[in-house]
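I need the structure of the sequence given here:
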Amino acid sequence: MKKNLILGINSKFVHTNLAIRYIKNYVEKYSDVKIDLLERTINNSIGEIISDIFRYDADKILISTYIWNKEYVFKLIKEFKKIKADTQIILGGPEVSYKSIELMEENKDIDIIIQGEGEETALELFTKENLADIEGIVYRENKKIISTGERKPLCDLDKIPFPYTDEELKEKGKILYYESSRGCPFKCSYCMSSLDKNVRYFSNEKVEKDLKTFIDAGVSLVKFVDRTYNLHKDRYMKIWKFLLEEYRENLTFHFEISADLFDDEAIEFLKKVPNGYFQFEIGVQTINPLTMELINRKNHLEKLKKNVLSIKDNIHLHLDLIAGLPHEDYNTFKDSFDYVHELKPEMIQLGFLKILEGTQISKEIEKYNYKYLSFPPYEILENAFISYEEILKLKDFEQILDYYYNSEKFKESTKYIINNFYKRPFDFYEELALYYRNNNYMGLGHKPLAIFNFLYDFYLYKKFPNLEIFTQVLKYDYIFMEKPKHQTYWLERNIDKDLYHNLALKVEGRSLREKYKNCELELFTYDIFTGKLRELKLFFEYTGKTLVEEIKI
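Below is the predicted model:
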């Protein structure tokens with residue numbers, strides 16, 4: 001009996017590969033074929049994965065290929081073929097769906113490439129003998145490379161079974177991905193999704209059934225991979241209302257949305273969603289009008305701003321920017337950043353343009369003088385509008401942004417510095433990044449205390465006034481982050497031990513020692529909340545999300 005294996009190689013252990021699960025379940029539902037599924041990461045050694053797949057003794061191995069694992073996969077199959085030359089290697093995924101013939105010519109160890117969606121094509125590959133009868137593949141025959149042409153996308157998405165097993169739903173620490181639609185109506189010039197303009201949907205009935213499975217299993221995070229979830233109001237509102245009816249604590253649903261598509265009714269509904277239940281990723285990318293026009297995006301900036309500010313109190317928000325877009329120079333990028341920063345999302349995701357095969361932007365390389373990496377992730381080095389030196393500055397900026405903004409550990413201290421000493425937020429992060437670079441702090445993998453210390457040292461370096469006040473603000477952020485484990489040169493503690501003991505007795509914990517671990521008391525001489533100089537005692541409780549209470553005694 002022939003053996004079949006599907007291999008997924010993820011970028012991190014916490015990720016799950018949705019495509020390989022869809023294909024395995026689809027093939028097994030509509031045929032008698034059985035398929036083993038193996039999932040590893042790029043952090044596993046190639047030798048380790050070779051030994052893993054060798055033990056399966058499979059006749060056919062289908063490997064899911066993406067931008068983050070393409071080079072790894074090509075190295076893997078080259079080495080594996082040295083010991084199992086007769087195993088049929090099939091590749092699928094966005095990184096091999098374009099210029100497939102050239103890839104086959106360059107990589108002799110690839111036997112077949114699936115172009116486009118994989119469910120129907122994989123079903124036929126595992127059940128049919130004659131490759132010429134299978135649409136949507138490129139294969140070898142008598143040293144020739146043959147393409148069977150394009151396969152139409154699957155229309156009835158409800159035919160695809162639910163992707164996860166009961167065991168996978170119970171596994172802790174994994175991000176579970178889900179899709180309720182495929183395709184994207186927008187034409188963003190840099191995006192692979194713009195190539196599939198035929199938007200198709202799973203039925204609401206199936207989506208609700210699948211989501212109920214997640215909820216009943218007690219999972220903690222489900223990330224929708226729909227390219228723009230909120231396209232059709234009647235549909236997305238029905239699903240959201242269902243989720244609200246089925247609300248469960250400690251569960252988050254993540255959606256990629258266009259915030260400027262929401263009307264007042266949708267905004268009012270979202271205001272009622274329990275805090276943290278929904279998480280939105282919003283692709284702003286740029287606010288430069290000419291750049292938006294050239295990349296085929298239409299951000300209605302005033303409406304986007306209004307909608308984001310209306311829902312930010314209870315919806316966890318990630319806003320995205322892309323550096324390196326056409327006619328977005330270093331100075332106009334500052335404007336894009338400051339616009340996003342003003343909206344105060346939980347995370348600002350700064351990405352760098354990737355020149356992906358098949359996209360419109362890949363046909364504009366000469367027009368805008370793009371210079372980019374010739375291997376994954378195909379990231380821009382420079383173009384006619386932004387230099388490599390400026391890209392490097394933004395790389396440092398991105399690291400500092402992760403340290404001091406996206407970590408959410410420096411909310412009050414960075415706000416104090418920006419509001420008092422900078423005309424625009426970008427300038428603060430830029431100067432702090434330069435300070436890191438000049439002192440060789442960049443890229444050392446610092447522990448949180450070191451990052452606090454560097455911000456204090458930066459404040460001294462800039463000779464900003466009111467050091468005593470800033471130290472109080474920084475102390476607040478430090479204690480809010482966690483119960484202090486280490487003393488440092490700027491941190492002056494002032495604790496009423498008797499009061500601390502009495503307050504600790506009321507905190508969760510099986511023992512007094514555990515109760516102490518779950519709380520902290522500190523005297524401040526500056527009121528973080530009003531900006532006034534006065535003494536106040538704050539009690540911090542760490543039994544869940546950090547709670548802060550002023551103790552008036």
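
now do the contacts for Thr121.
Taking Cβ atoms under 8 Å, 6 or more residues apart in numbering, we find Thr121 in contact with Gly92, Ile114, Gln115, Ile134, Glu135, Gly136, Ile137, Arg151. No exception for glycine: its C-beta is placed from N, CA and C like everyone else's.

again but with Glu430, I slipped
Applying Cβ under 8 Å, 6+ apart, the residues contacting Glu430 are Lys393, Phe397.

that one should be in a strand, yeah?
No. Counting by DSSP: H, G, I helix; E, B strand; the rest coil, one finds Glu430 to be helix, located in no strand.

what bridges to the residue nearest to Lys532 when sequence neighbours are not counted?
Closest residue to Lys532 apart from its sequence neighbours, by Cβ to Cβ, 6 or more residues apart in numbering: Tyr526 at 7.7 Å. Note on Tyr526: beta-bridge partners by DSSP bridges are Leu533.

and the gap between Asn369 and Met292?
Here Asn369 is placed at a distance of 20 Å from Met292 (Cβ to Cβ, to the nearest Å).

sorry, wrong one. I was asking about Phe224.
25 Å.

Leu474 now?
From Leu474 to Met292 the distance is 38 Å (Cβ to Cβ).

tell me which of the two has more neighbours.
Leu474 (23 against 20; other Cβ atoms under 10 Å).

under a three-state scheme, what state does that one occupy?
Applying three-state DSSP: Leu474 is helix.

that one contacts Leu455, doesn't it?
Yes. Taking Cβ atoms under 8 Å as the definition, Leu474 is a contact partner of Leu455 at 6.8 Å.

okay, and the common contacts of the two?
With Cβ under 8 Å, 6+ apart as the test, Leu474 and Leu455 both reach Ser413.

before we move on, what's the pLDDT of the residue nearest to Lys532?
For Tyr526, the pLDDT comes out at 96.

give me the neighbour count for it.
21.

got a list of what it touches?
By Cβ under 8 Å, 6+ apart, the residues touching Tyr526 are Glu468, Ile469, Gln472, Val473, Lys532, Leu533, Arg534.

same question, Arg534
By Cβ under 8 Å, 6+ apart, the neighbours of Arg534 are Thr525, Tyr526, Asp527.

ok, for the last one, nearest residue in space, not its chain neighbours?
For Asp527, the nearest residue in space outside its immediate sequence neighbours is Arg534; the separation is 5.3 Å by Cβ to Cβ, 6+ apart.

helices and strands around the host helix or strand of Ile9, which ones?
In the assignment (DSSP states H and E), Ile9 maps to strand 4-10. When contacts are defined as 3 or more Cβ pairs under 8 Å, 6 or more residues apart in numbering; DSSP states H and E, strand 4-10 packs onto helix 18-29, strand 36-41, helix 46-56, strand 60-64, helix 70-80.

how about a cut-off of 6 Å?
helix 18-29, strand 36-41, strand 60-64 (3 or more Cβ pairs under 6 Å, 6 or more residues apart in numbering; DSSP states H and E).

now this structure, which segments are flagged as low pLDDT?
1, 194-197, 553 (pLDDT under 70).

change it to 80
Scanning the chain for pLDDT under 80 picks out 1, 192-197, 443-445, 553.

how is this structure divided into domains?
4-147, 162-386, 468-551 (automatic domain parsing).

between those, which gets nearest to Lys411?
domain 468-551 (6.6 Å; Cβ to Cβ).

now that closest one, how far from the centre of its chain.
In this view, domain 468-551 has its centroid 33 Å away from the chain centroid, taken as Cα atoms, centre = their mean, to the nearest Å.

end to end, how far does that domain reach?
End-to-end distance for domain 468-551: 22 Å, by Cα to Cα, to the nearest Å.

show me what stretch 458-475 is in contact with.
Glu412, Ser413, Tyr416, Phe421, Leu432, Tyr435, Trp490, Phe524, Thr525, Tyr526 (Cβ atoms under 6 Å, 6 or more residues apart in numbering).

let me redo that: stretch 134-152
With Cβ under 6 Å, 6+ apart as the test, stretch 134-152 has contacts from 100-101, 104, 111-116, 121, 124, 128, 131.

now do stretch 165-185
Residues contacting stretch 165-185 (Cβ under 6 Å, 6+ apart): 14-16, 18, 193, 196, 198-202, 207, 217, 219, 221-227.

buried set for that stretch?
Within stretch 165-185, the residues scored as buried using 16 or more other Cβ atoms under 10 Å are Leu169, Lys174, Leu176, Tyr177, Tyr178, Glu179, Ser180, Ser181, Arg182, Gly183, Cys184.

CA atoms only: put the host helix or strand of Arg513 into CSV for me.
Here Arg513 sits within helix 512-517, counting by DSSP H and E. The C-alpha trace of helix 512-517 is given here as CSV (Å, rounded to 0.1, in the frame of the first residue of the first chain):
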residue,chain,number,x,y,z
LEU,A,512,1.6,34.4,52.3
ARG,A,513,4.7,34.1,50.1
GLU,A,514,2.6,33.6,47.0
LYS,A,515,0.4,36.6,48.0
TYR,A,516,3.5,38.8,48.2
LYS,A,517,4.5,37.6,44.7
